[in-house]
Structures are given as structure tokens and as C-alpha cells.
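A.B. asks: The sequence isn't on hand, but the structure is:
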């Protein structure tokens, strides 16, 4: 892999920094994966320990790919939290328990000055879908991931749009019921409290605690309840579970209709663990989206699944590095 | 005004096409107004008649400005309705009763081939605020006008963002109460049904028809009710009126919080007839906006009044022409 001058510094590394693990992958200039590594993270862990482990994870992936440090353009990081991409500071990451951690600066130190770019995970995922996934045919789309929580990233005019301070795309906190349950963000009735995996479990427990809607019985066990249990019960016809899932889908559809009326996208790329339930969840999402959005804007919107799988995070992180590097070279 | 070669074709005309009148103004290259004209429109009027009147209005303003047709770069039009700026077709304008009217093509014919650009009125107003008004210090802001209805325009990265088909910024149809009253758009509980002038009058009549909340008496007369009556009664302490205005402001604040969580702006420029009521209305808007938005995104947002007055429409329309002309000359 040492190669000639022309092929030098063309590999890039993508790092996906989540609440439970760090994944890294080395990409060649055709975005093929040459090597990988994965390590765990723990909640409330010291940020410096995590950053050193990220550096180790990067070095391991480079070693597996047989790529020397001199052949690497840099490292892109997608972090699970609000990130200021201009400074590379992770401003707030609840899952990691982080506030204002200068990831770019620290990781560059750990990697002996290798270039590092950092952005939030949903932004790099949106970028990956835009360049290599379901978003390739669209100039204007919203990427949404509905899993434990709900997050998003915006592609406008073919480029990532981050807003004034990197917070654009926080669609999980669109309010769908002003008097609804309290959300982790402090507000009430955010779509996340109804339509995320954790939200559905909370809503199911709430319903079960008051003996079901209209006193209906349910096979759901509030003690050991997972999102999959709810979907499974809904498929078997459990009325309480069906209502939880219907409401989850409809609430997300309403939030997406608000998005459509605000930003007039061509498509919404909707993925994440919760969407694996299929039509049970996606049916109500699409129905409510089409019913609620302004007709002229709703009728052109396509609701599509993501094109990339579990590698979306590392892929997007590597693309983040590549695109910011080429912008800098392009210059003004 | 005939001038030398260098100063030729530097005047531009802005036209504000609303539901009740057409206003036109001629601007010099320093955006000073050289001449004006104004004519009326009527609902459901034949589109061709209106377009001919627009052409007359343009010619009258040019005459008043002593500017010859050869000295004009073109005409920008801000139209009260969903507009495809790429084709200059007004897709849907409820106040005018228009569907798919090719304003650019027809007006160019009427004006002997003079260049015409068309966009929706809230977009050109956002552009005017961005270049010459309250938005000059911001790269990312939402322009909102709350009058009879509620509309908006987005400035992202310093430029007008129109979405996929020109519909971006339709913030009047953000849903704030999913079970709320029906909106003109067909959906239920849009912010416009609570927070616009017409919405407040409707909500007041509804409350009065059922004898006030909790049977309270009110000085409001449902027969001849205007938005100004409601504000006036609220200032005098009328409990029904106060609740209508509070709810109107809070509903708009909630919608703006959704916007903040989606697009992370630096500012919201909020104008329109309804905001002339001042703190009675704006107080609840700001309180709810700050309370509902994600803390990190809400705390940086400034809620500011517009910098331009009644000429915002003609000014923005002229800027639309100038900016699209310079883009074309600039090329790729």
C-alpha cells in the first residue's frame, strides 16, 4: 500500500462515536473500506479516556488496512451530540455525559497532528446518504433516524446545512402535542416522546399503569418491555400495542409535515431501528405526513428508506473529512 | 436621467402584487426610489387583466421616475402566493384566486421583452430585510409576517432558500394543536388559525358564541369584530380578549420554537400588522419560543422587528431582479 507519490495521502478514516461504542474504518479514494476497528464507550466516562481510545481505534484500523500515517488525508468524526463543526467541539452529548469537549483539538494531538474534522452523527449520516445512498437523486432532503431517540440532518441544495451553530436538524424536538409528556430536553410533547423507541416504551408503560385504554387487557409486560415487544404485540393484534404504534407513527408523520411546510424537501430518508418494524409504523407516518402537509408540498415528497446500512456513520465521517479538505484546497 | 453608456440599464423596478393592490417602484443602483405607482386588484379577477394592469403600473412608475425603458435592467415581482421562481409561474394564490398563472412570461410580453423575475412575496420581503433591513447582521434568519395570514421566507447562509419547488417558509402551517380548528389549507390546528389576524377574530367569535370561557362576559361584539378590537379589549383588561391574544402569541412562539429546532437560525425577524399590538402579542411569542426551543438553540436566537416599512415588498422585488441578473452574469 505504500504506493507512489500520486496515491499518497488519499486514504481517509471515518469514526462513529456513539454512546456505547466507537467504530472506525479506513477508506480508499473510491470509498471502499480497507480496514476497521471497534471499541466500547461507557456513559459518564472521562472524555480524555474516550478520546485516547478513539485514537487507538484509528491506529488499529490503519494497521489492519496496511496504510501508513503518511498516506492518510485525515480523520472525520461523527459524534452523538450537538457539535460545533467549525471548532470541532462537542457542545452537548447526553449519552456520553459530555459538555464542551474539544474533540478535534484533542484527537489531533493524540494522532500527532493528523487533520481531524468533527460533526454530529446525524449530519455525517445525511452526508453519506446524499453522496452514496438514498439521497443521491435528491438535492433537498431530510435524513431522519428514529431509534432510541430521534435525530436528523439536512441536505439543502446538495450540501449539508448546519444552521447558525450546528444544531439544524433536531427534528426529534418538533412539538406534536403541546400538553404532552415531558421530554428529556425539558419541553413537553416533543415527537421523540411518542415516536422514538424509548418514547414508545414509556407511553406503553403509562397506558398499562392505568390498566390500558378503556380497561382493555394487554399481553404487554411493563416490567421487561422493549420496542420489539410492542411491535410484536401490535402484529398479534394487541389493541394497546396497536394504539401505541399508530400514535408513534402519526406523531412522526405530523412532525415531518411541519418539516415539509418549513423547508419544502423533495424527500425524507427515514431510517433507524424503529423503522425496521415496517408498515405497522411506517404506514401511519406516511398517512399523517401526506394528510397534514400543504397539498402542493406534500404531494412531491418521497418517503424513502436509507440506502446505507450500519456503515453509514463511518462512511459519512470519512466523507466529512474529504469534503472539508477539498473545500479548503478549492479555496476562494 | 438619460445618462452615459456606463449608467444605462441600472434602474430596476419592483412590483408588489397583493390581494388588494399592485404597487410598483423604480429604484436606482443605490436602491433609492425614483418613482412609484399603485393600482387596485380585486379577488377572482381575470389574471390577464391583472397582468396588464401590472404592466401599466410599471410604465407609470418609470414615467414618474423619468427613466426610459432602455435604462431598465428589468422588473422583479413579489406575488402573494406559492410561486415557482424558476419558471415565474404563480402556482397557487388564494387571495387572487389564481392557479398556475405564468406571470413572468405574460408580463415580459406586456413589457416588450423586458426581463422579469417572480417569487413569492414573503421571499422577496426576506431578501429585502437581509440586504437592507433587520437581517443585515445575520447569515441565518427566518422572516415571518403575521397579518391576515402568516407567512415566511428563509435566509440561510446569507441567501434566499426556496426549497425544492419554491414552497419553503410556509411557517403559517406548522401545526400547534393537532386537534385544533380547521385551517384554510385543509389541515387542523395550524398556527395560522390561532395567531393570524383572521385566526384571532375566528377564535374570538367561537368563544363568544359559547358565551365566553367559564361564562365570562366580554365587551367584544362578534358582529363587527376586528383584530384591533381584540387588542384594544385586551389592553382594557377584557378576560376573553386577553386569553385570545395570549393564546395567539403562545401558539406562534411554539411554531417558531419548532423552526428553531429544525433550522437553528440566529434570528427571527417578525413583522406584519398583528405585531403592531406590541407586547400584548409579542410577549407571549417570545416567552413560549424561549421556553420550548432546545436550550442551546433558543438562547442564541434574537427575535427582532423588521427594519423596513411598507416598501419592503417593492424593495425586495427589485433586489430579486438585481440578484438574479448578477448571478446570471457571474456564471459558473
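C.D. replies: Here it is on my side, so go on. As the structure is a computational prediction, the values presented were derived from the model and not from experiment. Numbers count the residues shown, from 1 in each chain, chains lettered A, B, ... in the order given.

A.B. asks: secondary structure class for residue A:153?
C.D. replies: Under the three-state scheme (DSSP: H, G, I helix; E, B strand; the rest coil), residue A:153 adopts strand.

A.B. asks: That one: how many residues sit nearby?
C.D. replies: Burial of residue A:153 is recorded as 32 neighbouring residues (other Cβ atoms under 10 Å in any protein chain shown). For every residue, glycine as well, the C-beta is placed using N, CA and C.

A.B. asks: what's the answer for the one 4 residues further on, then?
C.D. replies: Neighbouring residues of residue A:157 were enumerated by other Cβ under 10 Å; the total is 14.

A.B. asks: Residue A:316 too?
C.D. replies: When neighbours are defined as other Cβ under 10 Å, residue A:316 has 31 of them.

A.B. asks: swap in residue A:109?
C.D. replies: Residue A:109 has 14 nearby residues by other Cβ under 10 Å.

A.B. asks: residues in contact with the strand or helix carrying it?
C.D. replies: Assignment of secondary structure by DSSP states H and E places residue A:109 within helix A:103-110. Helix A:103-110 has contacts (Cβ atoms under 8 Å, 6 or more residues apart in numbering or on different chains) with A:17, A:47-48, A:51-52, A:54-55, A:75, A:77, A:79, A:83, A:87-90, A:114-118.

A.B. asks: I'd like to know which of the residues you listed are buried.
C.D. replies: Buried members of the contacts of helix A:103-110, counted by 16 or more other Cβ atoms under 10 Å in any protein chain shown: A:17, A:47, A:51, A:54-55, A:75, A:77, A:79, A:83, A:88-90, A:114-118.

A.B. asks: per-residue confidence for the closest residue to chain B within the stretch 51-200 of chain A?
C.D. replies: The stretch 51-200 of chain A approaches chain B most closely through residue A:163 (2.6 Å), counting by Cβ to the nearest Cβ. The per-residue pLDDT reported for residue A:163 equals 98.

A.B. asks: residues near residue A:158, how many?
C.D. replies: By other Cβ under 10 Å, 12 other residues sit near residue A:158.

A.B. asks: What are the phi and psi values at the nearest residue to residue A:168 once chain neighbours are set aside?
C.D. replies: Among residues not flanking residue A:168 along the chain, residue B:264 sits closest, at 4.3 Å (Cβ to Cβ, 6 or more residues apart in numbering or on different chains). Phi and psi for residue B:264, reported as degrees, to the nearest 10, are phi 50, psi 60.

A.B. asks: can you check residue A:259 too?
C.D. replies: Taking degrees, to the nearest 10 as the convention, residue A:259 sits at phi -60, psi -50.

A.B. asks: For the residue of the stretch 51-200 of chain A closest to chain B, I want the exact helix or strand it lies within.
C.D. replies: Using DSSP H and E, residue A:163 sits within no helix or strand.

A.B. asks: cool, residue A:83 as well?
C.D. replies: For residue A:83, the element it lies in under DSSP H and E is strand A:82-84.

A.B. asks: Between helix A:103-110 and the helix or strand just after that strand, find me the angle.
C.D. replies: Downstream of strand A:82-84, the first helix or strand assigned by DSSP H and E is strand A:89-93. Interaxial angle of strand A:89-93 relative to helix A:103-110 (axes from the mean of the first three to the mean of the last three Cα atoms, to 10 degrees): 120 degrees.

A.B. asks: Pairing partners for strand A:89-93, with directions?
C.D. replies: Note on strand A:89-93: by DSSP bridges, its sheet partners are strand A:82-84 (antiparallel), strand A:98-102 (antiparallel).

A.B. asks: For the helix holding residue A:109, what does the pLDDT average out to?
C.D. replies: In the prediction, helix A:103-110 has an average pLDDT of 98.

A.B. asks: Return the set of buried residues in it.
C.D. replies: Under the neighbour-count rule (16+ other Cβ under 10 Å), helix A:103-110 has A:103, A:104, A:106, A:107, A:108, A:110 buried.

A.B. asks: From residue A:125, how far out is the closest residue to the residue of the stretch 51-200 of chain A closest to chain B other than its chain neighbours?
C.D. replies: Nearest non-adjacent residue to residue A:163, counting by Cβ to Cβ, 6+ apart: residue B:264, 2.6 Å away. Here residue B:264 is placed at a distance of 17 Å from residue A:125 (Cβ to Cβ, to the nearest Å).

A.B. asks: So which of those two has more stuff around it?
C.D. replies: Using other Cβ under 10 Å as the criterion, residue B:264 and residue A:125 rank with residue A:125 on top: 30 against 27.

A.B. asks: State the pLDDT value of the more buried one.
C.D. replies: Listed pLDDT for residue A:125 reads 98.

A.B. asks: Is it within a helix or a strand, and which one?
C.D. replies: Using DSSP H and E, residue A:125 falls within helix A:121-132.

A.B. asks: Please see if that helix touches chain B.
C.D. replies: No - shown here: helix A:121-132 not in contact with chain B (Cβ under 8 Å from any Cβ of the partner chain), separated by at least 11.4 Å.

A.B. asks: how big is the angle separating the following helix or strand past that helix from helix A:121-132?
C.D. replies: Counting by DSSP H and E, the next helix or strand C-terminal to helix A:121-132 is strand A:141-146. Strand A:141-146 runs at 130 degrees relative to helix A:121-132, counting by the same axes, to 10 degrees.

A.B. asks: Now do the helices in the stretch 151-300 of chain A.
C.D. replies: Along the stretch 151-300 of chain A, counting by DSSP state H, counting those that start in this stretch, helices occupy A:192-195, A:197-209, A:227-235, A:239-263, A:279-292, A:295-298.

A.B. asks: Residue nearest the middle of chain A, spatially speaking?
C.D. replies: Nearest to the mean C-alpha position of chain A, by Cα atoms, centre = their mean, lies residue A:122 at 3.4 Å.

A.B. asks: quick one: contacts for it?
C.D. replies: Residues near residue A:122 by Cβ under 8 Å, 6+ apart: A:143, A:145, A:151, A:152, A:153, A:169.

A.B. asks: For the first one, list the residues it contacts.
C.D. replies: Residues touching residue A:143, when contacts are defined by Cβ under 8 Å, 6+ apart, comprise A:122, A:125-126, A:129-130, A:135, A:152-155, A:169, A:269, A:271, A:306.

A.B. asks: wait, which of those residues is closest to residue A:231?
C.D. replies: Set against residue A:231, the nearest of those by Cβ to Cβ is residue A:271 (15.9 Å).

A.B. asks: and that closest one, how many neighbours does it have?
C.D. replies: For residue A:271, using other Cβ under 10 Å, the count is 23.

A.B. asks: sorry, back to before: what's the spacing between the residue nearest to residue A:168 and residue A:85?
C.D. replies: For residue B:264, the distance to residue A:85 (Cβ to Cβ) stands at 12 Å.

A.B. asks: How about residue A:59?
C.D. replies: Counting by Cβ to Cβ, the gap from residue A:59 to residue A:85 is 24 Å.
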